[in-house]
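[1] I would like to see how this sequence folds:
(2 chains)
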Amino acid sequence: MTDRPANDQVPLASVATGEVTADETVSPGSRGRSPSQILWLKLRRNRTAMFGLYTLAVLYASAILAGFIAPYRYDDSQTSAPFHPPMITDIHVFDEEGALSRPFVYAIVAEDPQLKTYRYDTSKKYPIRFFVRGDSYHILWLIRSNVHLFGLDDPGRIFLFGSDIQGRDVFSRILYGAQVSLSVGIVGIIISTAIGMLVGGIAGYFGGAIDFVLMRWVEVLLAFPSLYFILIMRQAFGRGLSSTEVYLIIVIILAFIGWATGARVIRGMVLSIKEREYVLAARALGYSDLRIIVRHILPNTFSFVIVTATLSVPFYILGEVALSFLGAGIQEPEASWGNMLTAAQNNRYLTDFPWVLTPGFFIFVAVMAWNFLGDGLRDAADPRTLN
Amino acid sequence: MKTFLIRRLLAAIPLIIVVTFITKAMLVLSPGNYLDNLRLNPGISREYIERMQQVYHLDSNNVFERYWHWLWPALRGDFGYSFLKDAPVWSLIGERVFNTLLLTGSALVFSWGLAIPLGVLAAVYHNRWVDRLSGLVSFFGLSIPSVFFSLLMVLFAARTGWFPVGGIHNQVMWGVMTPWEKIVDTLHHLVLPTIVLGTIGMAQYMRQMRSEMVETLSQDFIRTARAKGLSLRRVVLRHALGNAINPLVTLFGFSLATLLAGALLTEYVFGWPGLGLLTFEALENKDEPLVMATVTMLVIMLVIGNLIADLLLAIIDPRIRLE
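    Predicted coordinates:
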């Protein structure tokens, strides 16, 4: 896991450029556009970055709509079908006579409960129905519904990505797990960016003893391996908490560690920005220090902050995965991509039922998409790249 | 040189104190302690538990007091007795440190050994297929979660049988092996964890190496050297590489913490008996003396690693003087 938020490569030159550089460097056609419009225009031309953006849009939309897309609830277990192999390749479109029919699957029959082998009962067909009624769910705590994108008539079961040790649908659990694993990144980055900007701003603006103390603290956070810090801090909260509490604890711990990198660079930027004339003007007008920092100085670090934040999201996603994988994060029966992987720690499960690794693939895709987008944003925010 | 070393080591003392203090504070805040497990065991007498509570000052919830009771003996080299392993802490740590160093060391050799040549090639053949390929590899390495990668490797080992699925040596045959066989066996177990841990670092180094090299190759002294009629090979290896490699050495110092954090997960999945796995077990069981000792060892390893990075930089770059 845990790359520290890697932002030392963000070009400092791009920082605090504001309109000045925009006017100087961008072709005449884009004159009069705001810096964020220019950023967006440059980003749109970057194919990998846009690919990352679209991938993320799909992933996050699926996470929000998890209840609708998933045919079953995350804790809905079919005890007679543990470790059923993925059925995604066993969806039939042609019936026995070879004629085109609506997609269907055959009924599952357990062959050997010890070895967990299954066969299909080809005499019983279950057509895949769309917009069927099933378990009720919420979308974003607001919409309540029981209509699912697809499903089978009872007692048929469809395990697109296979089932886990308790016969729960891996596909559904991945969707519900995405709600945890993907949102940790967003919530965590919002908190830590806020802390990082404020601490960096205060340290850079006031200097002196405040600066010294805050920066030594940042150095401690940066020097020590983050995962150890996370595990040690996790200890303080004990076990047996509800999953909401654990979720909050994970986000807080990750944000508490993650702000350090950003704070250090923002401090450096504030050091130079505070010497500008408009800051002097703001001071002469008698504005309070906090107002000057928050309203006048920090907005100039905006492009840097956006790039760093995007590139650091994987740190949070991977942090949650690591914690849950090690058993210190989200607990069963709640699903997260990390705790779903715990099953793969058992060598027999891993070799006989390799589909327990599916969540890992999704972590990989999500992290890569964030990296693509972050890289694209960094190039777009760099005034040296024109076209 | 000597003053530099002394000053750096002195500067490390506050770091060690702060980190160990935070660790102690978190352990004190944490509900329950190791003795709770023992209380459930009817075979262990009340008096014994009471005495342990006294000896380790577990009845006090004052963080400063508890920290002092750890620090004072620790300064004199007494790190206490591990509840979990039932042995003096020092006797447990030495071997684990060696194992972790073996793993991280070989991962470093792996990642540098691949990153530098690939990065140089990618820069020299800018925007050609070597560059594209290495870009792809580095994106893969940066994005793959080490947990997932480790598990994939275990699956690979189990399916092919080419490599052991975990551990550090063959438990059954270890006793009857000759020293040479022991080395070969350990190396055999080392291959997969090294690949996992090394790939993650490699991606980062390779990107840095490539961008530094591209930057260096565009400078005037390189053009001069080429104009003099020197071969591309000589220019790249003798003139450019030495200049381009500096930031990489600095990066090495920074990435040590990442490496050790990554090592924890890799050790966990592969059952590699290193310091990371030991720390994790100790934390899980609230084995305070053991946690404190492993954390201290980690910080010391980091400080020494950073020091080595600085010394390396001074050796490579004659412009840097250690004062």
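[2] Please verify my assumption that B:L114 contacts B:A203.
    No. Checked against Cβ atoms under 8 Å, the pair B:L114 and B:A203 is beyond contact range at 9.9 Å. The C-beta positions use only the backbone N, C-alpha and C, and glycine is treated the same way.
[3] more neighbours, the two?
    B:A203 (24 against 20; other Cβ atoms under 10 Å in any protein chain shown).
[4] Contacts only, for the more buried one.
    For B:A203, the contacting residues are B:V137, B:S138, B:F139, B:F140, B:G141, B:L142, by Cβ atoms under 8 Å, 6 or more residues apart in numbering or on different chains.
[5] Now it: closest residue in space that isn't a chain neighbour?
    B:G141 (2.9 Å; Cβ to Cβ, 6 or more residues apart in numbering or on different chains).
[6] Excluding sequence neighbours, find me the nearest residue to B:A257.
    Spatially, and ignoring its direct neighbours in sequence, B:A257 is nearest to A:P225 (4.5 Å; Cβ to Cβ, 6+ apart).
[7] show me the contacts for the one you found.
    Per Cβ under 8 Å, 6+ apart, neighbours of A:P225: A:T2, B:A257, B:T258, B:L260, B:A261, B:L264, B:L298, B:L302.
[8] Which phi and psi values does it adopt?
    For A:P225, the backbone dihedrals are phi -60, psi 130 (criterion: degrees, to the nearest 10).
[9] check which helix or strand covers the residue in the stretch 151-300 of chain B that chain A sits nearest to.
    Residue nearest to chain A within the stretch 151-300 of chain B: B:A261 (3.8 Å; Cβ to the nearest Cβ). Per DSSP states H and E, B:A261 falls inside helix B:246-270.
[10] What residues sit buried inside the host helix or strand of A:A110?
    Here A:A110 sits within strand A:100-112, counting by DSSP H and E. Burial within strand A:100-112, assessed by neighbour count using 16 or more other Cβ atoms under 10 Å in any protein chain shown, is assigned to A:F104, A:V105, A:Y106, A:A107, A:I108.
[11] what's that strand in contact with?
    By Cβ under 8 Å, 6+ apart, the surrounding residues in contact with strand A:100-112 are A:80-81, A:84, A:87, A:90-95, A:117-128, A:152, A:156-158.
[12] could you show me where the helices are in the stretch 101-250 of chain A, in order?
    Here the stretch 101-250 of chain A has its helices, by DSSP state H, counting those that start in this stretch, at A:170-206, A:208-223, A:226-235, A:243-273.
[13] Of those, which is nearest B:T23?
    Nearest of the helices of the stretch 101-250 of chain A to B:T23, taken as Cβ to Cβ: helix A:226-235 at 5.3 Å.
[14] So for residue 23, what's the pLDDT?
    Just so you know, I chose chain A. Turning to A:D23, the model gives it a pLDDT of 41.
[15] wait, I meant chain B there
    89.
[16] Report the contact partners of it.
    B:T23 touches A:I232, B:V291, B:M292, B:V295, counting by Cβ under 8 Å, 6+ apart.
[17] Next: B:P164.
    B:A157, B:N170, B:H188, B:H189.
[18] what subset of those residues is also close to chain A?
    Near chain A, taking Cβ under 8 Å from any Cβ of the partner chain as the test, no member of the contacts of B:P164 is found.
[19] Tell me, how many residues neighbour whichever residue of chain B sits closest to chain A?
    Residue nearest to chain A within chain B (Cβ to the nearest Cβ): B:F148, separated by 3.2 Å. The tally of other residues near B:F148 (other Cβ under 10 Å) stands at 26.
[20] tell me which element it is part of?
    Using DSSP H and E, B:F148 falls in helix B:146-160.
[21] One more: A:E334?
    Following DSSP H and E, there is no helix or strand that holds A:E334.
[22] near chain A, which residues of the stretch 51-200 of chain B?
    Proximity of the stretch 51-200 of chain B to chain A is confined to B:139, B:142-148, B:151-152, B:154-155, B:158-159, B:165-166, B:200 under the rule Cβ under 8 Å from any Cβ.
[23] ok, the residue of chain B closest to chain A - contacts?
    Taking Cβ under 8 Å, 6+ apart as the test, what B:F148 contacts is A:L341, A:L357, A:G360, A:F361, A:I363, A:F364.
[24] so which of these is the most crowded?
    Using other Cβ under 10 Å as the neighbour criterion, A:I363 leads the contacts of B:F148 with 28 neighbours.
[25] I figured that one hits A:S336, correct?
    No. Counting by Cβ under 8 Å, A:I363 sits too far from A:S336 to count as a contact (10.2 Å).
[26] Tell me how far A:A344 lies from A:L357.
    Distance, A:A344 to A:L357, by Cβ to Cβ, to the nearest Å: 6 Å.
[27] now A:L59
    Going from A:L59 to A:L357 by Cβ to Cβ gives 18 Å.
[28] Check A:P82 too.
    The spacing between A:P82 and A:L357, counted by Cβ to Cβ, is 17 Å.
[29] Got the phi and psi for B:P318?
    phi -70, psi -10.
[30] One more: B:N61?
    Here is the backbone geometry of B:N61 (degrees, to the nearest 10): phi -110, psi 10.
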